[in-house]
Every structure is written in structure tokens, then in C-alpha cells.
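[1] predicted structure and sequence below. I'll ask about it afterward.
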Amino acid sequence: MKTVAEDFDAGAPERPAGPGPGRRVPGLAGAAAKAARRTMFWRMVARSVTRRRSRVLIAVLAVGIGATTLFALASIAADIPRQMTREMRAYGANLLVMPEDGTSKVSAAALGPVAEALGSAEVIGSVPYRYETLRLNEQPYLSAGADLVQVRQVSPYWYVEGDWPAAPGEVLIGQDIAEWIGLGPGDEIELVAAVENPAASPSAADSGDPGAAASGDDDLANGDDGVADSGDASAAASDDDGADEVLAEEATGLFRVAGVLSTGGSEDELILMSLDDIEQLTGLAGRYDVVEYSVAADSGRIEALAEQITAEVEGVSAAPVKRLTESDTYVLSMLRSLLALITVIVLALTMIGVSTTMMAVVAERQGEIALRKALGADNRAVEREFLSESLALGGLGGVIGTALGYALAQVISLNVFHRPVAMTWWLALVAVGLSTLVAWAAALALVRRAAEVDPAIVLRGE
Amino acid sequence: MTRLLELESVSKVYGELRALDGISLAVPRGEWLSVVGPSGSGKTTLMNIVGAMDRASSGSVLLDGVELSDLGAKELAQIRRNTVGLIFQKFHLIGHLTAVENVMVAQYYHSMPDEAEAMAALGRVGLEQRAGHLPSQLSGGEQQRVCIARALINYPALILADEPTGNLDAANEEIVLDIFRSLHADGATLIVVTHDPAVAAEGQREIALEHGRMVREVFHDHG
């Protein structure tokens, strides 16, 4: 049986007798040598990452947790405008379309062009309003007629004690009016309106109600031109007091209070009924004082849409509801600032976590670093190897963390906004890049210090 | 015979402690020199200075014609990779690299890695079949042979071995000494630090250190 020494002698390449001449690598071009070194370099990095699994797991976990939180927060922050603009629409209309001159009405025919101008904007709902001053118990109250189904959609935050009107002849009474007069759900009220077009007002023509007699109260007609015409057409109605002046005819309607409306705003002093009811009472159809739109867009887009409608649609002017659009922007800006702050804190915590982990990893490998130096590695070579490892760990942690972060963002978004969050690919790339950078930066100072280690410690057996 | 190593009045001082105190020593090429002495006698300090891992506080160290005292960290690293082969008592293999990869690390820092050549080096120490094993899968004797293959792969002018058989059983000690004998027969220059008189006696010359000074020099005649 051959001894190891015989093996050694047998296998020894031809070398000159005497002192070692040093290894020669003849016949290999510089490029081939470089390629072989590069292959070995990555082989060492790969082995370190794949064969030191428990240590790598800790480092990847440290980076991954940071990347998870970072990407989840960033995804939500990026998606917040889309999510919140929809949520904000629960707080009422944010775009108003009114008559251009402020005194006439918006015709129903103008609504088509307005819808065209809104184009691709996401319209949550639109409500045309017709305002009139109606008398109740001889006191004038601002009243509005609107599509009540749309009103509920555009202003879901309105609180109604009782029920929303479901049938013709039912109204909502503002909370303040209800308190002043002592009304509640189920009560019946008599509303009196000046009739602009008596022929179109069945309540005025058919009711025969004594209350339909003219009162001569021009204020009720809201200064509308129709008052004079109406008065002309119903001169008989003013015979009772024998006055010579032309007075507007009045129409009276009996209504049932379906509910008491409480919004905390001006609607608390409003009588709200269906558009059909108010048109029937006042005798003027298809003309509105204001049309409210709830559009899922930020304040800038709303401003632009308002300008576009004003410019493109004849006879109307549009304006954003400043209070809401600015509040949307303010809330969004606050949320984004908060998320940015949290992101910075998470980034700092990740940096600390990764630094601590890398410190442990580098400290554990102090002996290996000294050995490499004893074998002839200079500081730069050691730094290059260990920083490449930290880049690999950072990248790996970043990819895993970003994937988990997307899942976390989905869970948060589904629970808070009840909608999935969209995958933002550029953000994913940034998260992976940032994780890699954090791992590299965390390792940089540590590795540089570690590379200064005295190679002699390997001979001291440390 | 030309001198590979020349030390002239070399001292190393750590604060109040003189780890080496005026050592003068010349090692001709091809010599096997044994260094003995109790713990704290300055053997390891001497090895560090000769192996270009530390600088002397005073005196001159000339290795393969290069004065080490004048060199910076980068030049010393160059001397280590080109001129010196190190064999350690605790083997110091990189745990996540296989036997052949551990040998290739020394090639990597020297010039360029060549797996076939590294395999041949392992073959020379009888470990070709264990080339793909991690250090944790090798016995102490096998690890030391990998360490030797790594030290020899670049054909260094000087082989420094620090207690190379200190952690080995008798059988493996004999294997390692066999390899050293072959190396010496091939003309390699060896400096072996040891506590073991039997291992020290394998050298052509034996010097003893005490308190940083050379107190004895013995020549062994191996006939």
C-alpha cells in the first residue's frame, strides 16, 4: 500500500530542486485569468450564502422584515390617492354646475354636454337641485327638489330620523325647522308655493284648496320672471282683496314628513322633496338651480374639470366645492406625510437591525477574514468579498420582503379600504434596490473595520 | 547554499514586554529548521514576523531578498501570497468551502484559481476522493492535509508550519511528517514550530527560544 508521502512524490509536478519558485500560470491570457478569478469570486460568495443557511437566514430576515414593512407602506401610500378619493366621496359633492349668469336656471338639456365634458372622470353620482322658497305655517323656508336616490348616493353621511321619502308627497324636514315648528316623522304639513305656470300645476288647478288663494307675497316666487305671467294668468285669484296689482297665483300641497334630516350643515334648515313634487307644486320642469356632482378625483383634477365645463358647456358655470376638495387634499397630504414619516422610521430601524445582524455575522467571521489575509488577501479584496455577500443577502431579503410586503399591503387595503391594492412594479424595484443598499451600507463600515484585522491572530490560534 | 531568510538583531516589543529580544538567524534555502520553546517564549511572534504578518520593532528581516521591515500592509500581503505557505495547528479551513475550494482560495489570492491543479494538490496529500467534502466532514488529519495542500499550491519559497501535528493522533502525525520529509527532499525550505521533541528532531537544525531569546541551537544528523 502506498503511503501518502509516496502519493505526494508521485503526484508532484516537475519542479526545480531547491527553493520553491512560486506558482507559474503560463499560457493563459490575462482575460482568461480574470474570468477564472471572477468565477471563483462568485463561487465563494454563492457558497457563503448557500452553505451558511442559519446565519444567512437571520441576515435575510433582518433585511426582509424591513423590506416587507417598507413595501407594504409604500404600496399603500402610492395607492392612497386612488383609494381615498373614492372614500372621500362619502362626504358629499365636490363639483357644482350652476347657471352661468347666476339668475337663470340650468336646463336639463345642458346635463348631456356636462356629462361629456366629465368624460373619463369617475362620477360617483350627480344630483340636479331645484330650489324654491315655500311657505309653511305662513313662514318662508328654503325648499329643494332633487332625485332623492341620487342624493343618498352622493351624500351617504346625511342622517335621517325616520325614513327617506319613498312615495310622492313625502318630504324630509331639516332638523332646525322640525324643532322650530315641532314636527316629526309622520306629521302632515301644508306647503304653499308661488306658481310660475299654473297650467302645469295640478295642485294649484285641481286642489280647490282655499290655501291656494293668492297671498301677494312676491318673495316666494324667488324673483323669477314667471311671477308676473303667473299673476296675469290667474287674476281671478286676487279678486278677494280687491287689489289692482297683478299678483302671483299660489299653489298649495299637502305633504307627509317621512323623516327629519340632520347633516350639521345648511341642510338642517331645508325642506327636501322629490324633483317631481317640487316641479308639480311650482309648475316648472326640467330647469335646475344647481347640479351637484361627486367625482372621484383629486383637487387639481376637479379644478381642471370645472374649468373645462365652464368653457365647453354653454349657459353653465362649474366650480369645485373648495371645502371638500381642499379637505380631500389636506387629508391625503396628512396621510402621505404620516406614511412617509413611518417609512423613514422603518428604514432607520431596518438599518439598525441589519447593522446589528451584519455586526454579528462579520464578528463571527473575523477568523476567516484573518485567514484570508494570511493567505495574501489585501484589505480591498476582503472588503469586496464581504460587501458582495451583503449585497447578495440584501437583494435576497429585498425580493422576499417585497413579495411579503405586497401580501401585507393587500391585507391592510382589503381591511381598511375594502379594495385590493394595485402592484406598483417600479416601487417593487425601488424596495429591492433600497434593501440591497441598506444591507450594503450597514455592512460597509463593519467590513472595513474587520478588514483591518491582524492576520497574525490565526497563528495565535484565536 | 544561498540564504532564504536572514534576521539581524530582531526585537518585538509590546509595551513593557519584549516578545523577541535581539534574535539573529539565517536560514539557507532548502533547510528544515525546527523552533522549540515553552509558551510565551516568542515562537509565534517569530513566525508572524518571518511570515510577513507582523513587523519587527527593530532589526532587519530579509526574506527572499526583500527587506520586510520597510514594507507596507499591501506589500506584506503580496509577500504572504507569493513567498510564504502557512500550515496551522488548528488547520483554519473555511467552513463553508469544500476541501478543493479551500485550496483554490490560495490560488485565487496568488494568481488564478485552477480546479484541476487544486485537485492534483489534494491528490498529492491523498485526499482526491475527499475533495468535495466540507471541513466538518473531514477528520483532523484530513483537514491538516488540506491545509498542507493549500500551503503548497503556489510553490512558496518558505513553508511555515505552526505546531502542524499539535492536534493530530500518532497516525496522522506520521502522515504529515512523511509529507514534510518529501517536501524537504524536493528542496523546500521549512520552518516548523513545535512542542514535540520528536517532530523537532525531524529538522536539520533546531533552535530553542526562551523569553524572546535564542538559547540553544542543535543540528540533527539524519545521515
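    Ah, there it is. Residues are numbered from 1 along each chain as shown, chains lettered A, B, ... in the order given.
[2] helix, strand, or coil at B:K90?
    coil (DSSP: H, G, I helix; E, B strand; the rest coil).
[3] next: A:V260.
    Going by three-state DSSP: A:V260 is strand.
[4] quick one: residues contacting it.
    A:160-162, A:172-175, A:178, A:183-185 (C-beta atoms under 8 Å, 6 or more residues apart in numbering or on different chains). C-beta coordinates here come from the backbone N, C-alpha and C atoms, glycine included.
[5] roughly how far apart are it and chain B?
    Separation of A:V260 from chain B (C-beta to the nearest C-beta, to the nearest Å) stands at 77 Å.
[6] now do the helix or strand harbouring A:G253, average pLDDT.
    Counting by DSSP states H and E, the element that carries A:G253 is strand A:250-262. Taken as a whole, strand A:250-262 has a mean pLDDT of 90.
[7] got any ranges where the stretch 201-350 of chain A has weak pLDDT?
    Within the stretch 201-350 of chain A, the stretches with pLDDT under 70 are A:201-248, A:322-329.
[8] all helices in it, in order from the N-terminus.
    Ranges of helices in the stretch 201-350 of chain A, per DSSP state H, counting those that start in this stretch, are A:202-206, A:226-233, A:275-282, A:299-312, A:322-364.
[9] the stretch 51-200 of chain A: strands as residue ranges?
    With DSSP state E, counting those that start in this stretch, the ranges of strands along the stretch 51-200 of chain A come out as A:95-99, A:106-107, A:122-136, A:139-146, A:159-162, A:170-174, A:188-194.
[10] quick one: residues contacting B:G59.
    B:7-11, B:22-24, B:69.
[11] can I have the buried ones of these as a ChimeraX selection?
    Selection command for ChimeraX covering only the buried members of the contacts of B:G59, criterion 16 or more other C-beta atoms under 10 Å in any protein chain shown:
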select /B:7,8,10,11,23
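[12] returning to that earlier point: identify whichever of the helices of the stretch 201-350 of chain A lies nearest to B:S182.
    helix A:322-364 (36.8 Å; C-beta to C-beta).
[13] chain neighbours aside, what residue packs nearest to the residue of the stretch 51-200 of chain A found nearest chain B?
    Proximity of the stretch 51-200 of chain A to chain B (C-beta to the nearest C-beta) peaks at A:R51, 3.9 Å away. Sequence neighbours aside, B:H96 is the residue nearest to A:R51 in space, at 3.9 Å (criterion: C-beta to C-beta, 6 or more residues apart in numbering or on different chains).
[14] which residues touch the one you found?
    A:47-48, A:51-52, B:134.
[15] what's downstream of the strand or helix carrying B:L209, the next helix or strand?
    Using DSSP H and E, B:L209 sits within strand B:205-210. Using DSSP H and E, the helix or strand that directly follows strand B:205-210 along the chain is strand B:213-219.
[16] run me through the strand neighbours of that next one, direction for each.
    Partner strands for strand B:213-219, per DSSP bridges, with pairing direction: strand B:205-210 (antiparallel).
[17] who touches the strand it pairs with?
    B:23, B:25, B:31-38, B:41-43, B:46, B:200, B:214-220.
[18] buried stuff in it?
    So, applying 16+ other C-beta under 10 Å, buried residues of strand B:205-210: B:205-209.
[19] okay, now the residue lying closest to B:M104 once chain neighbours are set aside: neighbour count?
    In space, and not counting its chain neighbours, B:M104 is closest to B:P113: 4.3 Å by C-beta to C-beta, 6+ apart. Neighbouring residues of B:P113 were enumerated by other C-beta atoms under 10 Å in any protein chain shown; the total is 25.
[20] make sure B:P113 is indeed in a helix.
    No: using three-state DSSP, the secondary structure at B:P113 is coil, not a helix.
[21] circling back to that earlier point, please identify the most buried of the helices of the stretch 201-350 of chain A.
    helix A:275-282 (a mean of 22; mean count of other C-beta atoms under 10 Å in any protein chain shown).
[22] that one: how far from the chain's middle?
    Helix A:275-282 sits 39 Å away from the centroid of its parent chain (C-alpha atoms, centre = their mean, to the nearest Å).
[23] now that helix against strand A:170-174, angle please.
    Computed by axes from the mean of the first three to the mean of the last three C-alpha atoms, to 10 degrees, the angle separating helix A:275-282 from strand A:170-174 equals 90 degrees.
[24] who are the packing partners of helix A:275-282?
    The helices and strands touching helix A:275-282, judged by 3 or more C-beta pairs under 8 Å, 6 or more residues apart in numbering or on different chains; DSSP states H and E, are strand A:122-136, strand A:139-146, strand A:188-194, helix A:202-206, strand A:250-262.
[25] show me the shaky parts of chain B.
    Checking chain B against pLDDT under 70 turns up B:1, B:223.
[26] residue closest to the middle of it?
    B:L160 (1.3 Å; C-alpha atoms, centre = their mean).
[27] could you export the stretch of helix or strand that one belongs to as PDB, CA atoms only?
    If you go by DSSP H and E, B:L160 is part of strand B:158-162. Only the C-alpha atoms of strand B:158-162 are listed here, as PDB (Å, rounded to 0.1, in the frame of the first residue of the first chain):
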ATOM      1  CA  LEU B 158       9.200  29.200   2.500                       C
ATOM      2  CA  ILE B 159       6.800  26.900   4.300                       C
ATOM      3  CA  LEU B 160       6.000  28.000   7.800                       C
ATOM      4  CA  ALA B 161       4.200  25.400  10.000                       C
ATOM      5  CA  ASP B 162       2.900  26.300  13.400                       C
END
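[28] who does it pair up with?
    strand B:84-87 (parallel), strand B:189-193 (parallel).
[29] outside of the last one, which residues touch it?
    When you say that, I think you mean strand B:189-193. Residues from elsewhere that reach strand B:189-193, judged by C-beta under 8 Å, 6+ apart: A:19-20, B:4-5, B:27-36, B:43-44, B:46-47, B:50, B:157-164, B:180, B:183-184, B:199-200, B:202-203.
[30] ok so, going back, got the strands paired with strand B:158-162 as CSV, with distance to A:R301 and mean neighbour count columns?
    Below are those laid out as CSV (distance: least, C-beta to C-beta, whole Å; neighbours: other C-beta atoms under 10 Å in any protein chain shown):
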stretch, distance to A:R301, mean neighbour count
strand B:84-87, 71, 26
strand B:189-193, 81, 25
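[31] re earlier: quick one: which of the contacts of B:H96 sit in helices?
    Among these, the members found in helices (DSSP state H) are A:47-48, A:51.
[32] re earlier: quick check, nearest of the buried residues of strand B:205-210 to chain A?
    When those are compared for distance to chain A (C-beta to the nearest C-beta), B:L209 wins out at 14.8 Å.
[33] quick check: the nearest residue to the closest one once chain neighbours are set aside vs chain A, distance?
    Leaving aside its chain neighbours, B:L209 sits nearest to B:G37 (3.8 Å; criterion: C-beta to C-beta, 6+ apart). Here B:G37 is placed at a distance of 15 Å from chain A (C-beta to the nearest C-beta).
[34] can you count the residues close to B:G37?
    B:G37 has 23 nearby residues by other C-beta under 10 Å.
[35] how far away is it from A:E303?
    Distance, B:G37 to A:E303, by C-beta to C-beta, to the nearest Å: 89 Å.
[36] ok, now B:I23?
    Distance, B:I23 to A:E303, using C-beta to C-beta: 88 Å.
[37] ditto for B:R80
    Distance from B:R80 to A:E303, by C-beta to C-beta: 72 Å.
[38] which residues are in contact with A:P320?
    A:94-96, A:299, A:302-303, A:306 are the contacts of A:P320 under C-beta under 8 Å, 6+ apart.
[39] chain neighbours aside, what residue packs nearest to it?
    A:I302 (4.4 Å).
[40] what count of nearby residues applies to the residue in chain B that chain A sits nearest to?
    Using C-beta to the nearest C-beta, the single residue of chain B nearest to chain A is B:R81, 2.2 Å away. If you count neighbours by other C-beta under 10 Å, B:R81 ends up with 25.
[41] three-state assignment of it?
    Following three-state DSSP, we place B:R81 in the helix state.
[42] nearest spatial neighbour of it, skipping sequence neighbours?
    A:G376 (2.2 Å).
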